[in-house]
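Colleague: Using only what follows, build the 3D model:
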Amino acid sequence: MNVVLIISDTLRRDHLGCYGNGWIRTPHLDGFAQRAAVFDRAYCASFPTVPNRNDILTGRYTFTYQGWVPLSRDDFTLAEVAGVAGVLTSLIADTPHPFAPGFNYQRGFQAWELIRGQEHDPWKSHPREVHFPCAPEKLRNPHHTVVQYLRNVAERQSEEDHFVAQTMRAAARWLEENRLYQPFLLYVDTFDPHEPWDPPPHYVDLYDPGYEGEEVIYPRYDTIDFLSEAELRHCRALYAGEVSLVDTWVGYLLERLEALGLMDSTAVILTSDHGFYLGEHGYIGKALIREGFQFLPLYPEVAAVPLLVYVPGASHGQRLDALAQSVDLFPTILELLGVHVPGSARGHSLLPPIRGEGSIPRELAIAAPPLSYRGLKVPHPTSRASIIDGEWLLVYGSQADEQALAPEGLSTQAVDSLSRGMRALEPGPIRPELYRLSDDSGCERNIIDAHGDVAEELHRRFVRFLEQEQVPEEHLRYLRTL
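Modeller: Below you'll find the predicted structure:
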């Protein structure tokens with residue numbers, strides 16, 4: 001069997017109709033969901049973009065041993081394992097960071113194509129002068145990232161020039177040219193709906209018609225105080241427009257698969273790496289970036305991801321409540337391809353529940369930024385994991401005293417490959433939080449004081465997981481106490 005894997009960066013699960021959204025138009029993905037297995041409790045594992053791609057391509061929980069870094073020479077990748085077994089492998093992507101010079105996450109693919117120009121990719125040097133769509137102080141890295149991006153897209157003329165359109169059209173061309181060489185693995189990775197948000201205006205007009213204010217297309221990662229209500233509403237409309245744009249062009253690729261007669265012999269997986277706060281919990285972004293960097297708690301708006309898996313011959317339109325994570329894609333894809341899964345893989349195949357032949361042996365889903373890696377002295381208190389058993393979600397991080405950290409001792413390249421010092425940017429101690437998802441899906445009521453026994457049990461299982469993943473004691477000791 002062939003496999004097409006589609007990753008759409010920063011695609012919030014709750015912004016798709018098939019996951020209950022009633023105001024954003026996603027007809028193609030909703031139609032695909034009627035043919036696929038829909039996982040209702042899928043979560044990212046390692047966060048954000050680069051660690052997540054490492055999870056997918058190695059089948060390992062990257063947050064337990066590595067940060068935002070290039071692909072390790074020691075890891076066996078999905079493309080390498082499949083290629084050795086005789087599978088034709090190809091990557092087509094416009095997501096910049098994992099495939100940037102030196103990061104090398106394209107290693108092992110027999111063919112790969114990178115669509116240039118996303119975010120601060122140094123692709124174009126003209127025009128030298130660009131015009132900001134809003135006051136620059138509302139933007140993240142306005143004079144670096146935004147200026148470069150505006151240069152990169154200055155020559156756009158139509159919807160087909162947008163990155164997701166270019167990527168899906170390139171993937172469709174690859175399928176047409178290579179459809180007879182089977183089995184194949186085609187990995188398609190698009191950065192949209194990641195910001196900057198600049199979909200064609202007719203998409204935005206679906207959600208905020210008549211808006212005449214500033215367009216904050218790449219908001220600084222902060223609390224929402226710097227935005228007016230109208231600007232925040234328009235940010236949501238811009239993001240929704242991006243989601244509908246992604247839906248259109250993923251739909252184009254799915255239609256080409258159908259037209260080429262490949263749907264009977266090709267499994268198709270669609271997912272994302274994480275979501276994005278659009279005012280929930282008082283934030284916009286997925287971290288705080290001021291005079292330094294702080295990770296935010298991974299509530300469901302960020303930790304929950306869509307996961308749609310179409311397998312020819314399996315039941316269509318089924319809803320599955322198995323706890324699934326990004327590390328599960330590695331063994332699932334290899335099993336679909338008929339390739340032996342190496343022992344280094346830590347995830348679980350999703351095929352047993354899809355085929356009605358069993359369940360996934362997982363008691364917890366854990367989503368986290370890097371918690372342990374070589375050279376780390378002390379895990380930072382704001383690097384918090386979300387520990388989920390389906391009913392409960394525990395937010396828990398390092399119990400190190402932030403004041404005891406060496407002031408020059410910790411930096412990160414998350415979320416955009418630009419190095420920043422890490423420190424707590426919000427006042428007060430950083431304490432664990434507990435939420436019951438069944439009646440508080442938005443994690444608005446912290447009830448850890450009333451259910452300390454639940455928090456203790458989730459934490460105990462979390463520590464056992466870290467021990468099994470061989471997190472060194474020099475780091476684990478800061479994670480052993482609740």
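
Colleague: Quick check: buried residues in stretch 18-29?
Modeller: By neighbour count on 16 or more other C-beta atoms under 10 Å, the buried set for stretch 18-29 is 18-19, 21, 24-26, 28-29. All C-beta spots, glycine's among them, are computed from the backbone N, C-alpha and C.

Colleague: swap that for stretch 152-164, please
Modeller: Buried residues in stretch 152-164, defined by neighbour count with 16+ other C-beta under 10 Å: 152-153, 162-164.

Colleague: could I have that stretch exported to CSV, CA atoms only?
Modeller: What follows is stretch 152-164 as a C-alpha-only set of coordinates in CSV (Å, rounded to 0.1, in the frame of the first residue of the first chain):
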residue,chain,number,x,y,z
ASN,A,152,9.1,37.1,-0.4
VAL,A,153,5.4,37.5,-1.4
ALA,A,154,5.6,40.9,-3.1
GLU,A,155,5.1,39.3,-6.6
ARG,A,156,2.0,37.3,-5.8
GLN,A,157,-0.7,37.7,-8.5
SER,A,158,-3.3,35.0,-7.7
GLU,A,159,-4.4,32.4,-5.2
GLU,A,160,-2.3,29.8,-6.9
ASP,A,161,0.8,31.8,-5.8
HIS,A,162,0.1,31.2,-2.1
PHE,A,163,2.4,28.7,-0.5
VAL,A,164,-0.1,26.0,0.4
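
Colleague: And that stretch, how far out from the chain middle?
Modeller: Centroid separation for stretch 152-164 versus its chain: 23 Å, with C-alpha atoms, centre = their mean, to the nearest Å.

Colleague: The spatially most central residue of the chain and residue 228, how far apart?
Modeller: Geometric centre of the chain, nearest residue: residue 273, 1.4 Å, by C-alpha atoms, centre = their mean. Distance of residue 273 to residue 228, computed by C-beta to C-beta, to the nearest Å: 30 Å.

Colleague: What of residue 140?
Modeller: Residue 140 sits 18 Å away from residue 228, going by C-beta to C-beta.

Colleague: Between these two, tell me which one has more neighbours.
Modeller: Higher neighbour count among residue 140 and residue 228: residue 140, with 21 against 12, using other C-beta atoms under 10 Å.

Colleague: looking at it, that one is touching residue 218, isn't it?
Modeller: Yes - here residue 140 reaches residue 218: they are 5.6 Å apart, a contact under C-beta atoms under 8 Å.

Colleague: Mind giving me the packing neighbours of the longest helix seen in the chain?
Modeller: In the chain, assigned by DSSP state H, the helix with the most residues is helix 229-259. Contact analysis of helix 229-259 by 3 or more C-beta pairs under 8 Å, 6 or more residues apart in numbering; DSSP states H and E lists strand 2-8, helix 27-33, helix 163-178, strand 184-190, helix 201-204, strand 266-271, strand 277-278 as its packing neighbours.

Colleague: Highest mean neighbour count out of the ones you listed?
Modeller: strand 184-190 (a mean of 26; mean count of other C-beta atoms under 10 Å).

Colleague: ok so, going back, in JSON lines, list the buried residues of stretch 152-164 along with pLDDT and distance to residue 41.
Modeller: Conversion of the buried residues of stretch 152-164 to JSON lines gives the following (pLDDT from 0 to 100; distance: C-beta to C-beta, whole Å):
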{"residue": "152", "pLDDT": "98", "distance to residue 41": "37"}
{"residue": "153", "pLDDT": "98", "distance to residue 41": "37"}
{"residue": "162", "pLDDT": "98", "distance to residue 41": "32"}
{"residue": "163", "pLDDT": "98", "distance to residue 41": "30"}
{"residue": "164", "pLDDT": "98", "distance to residue 41": "27"}
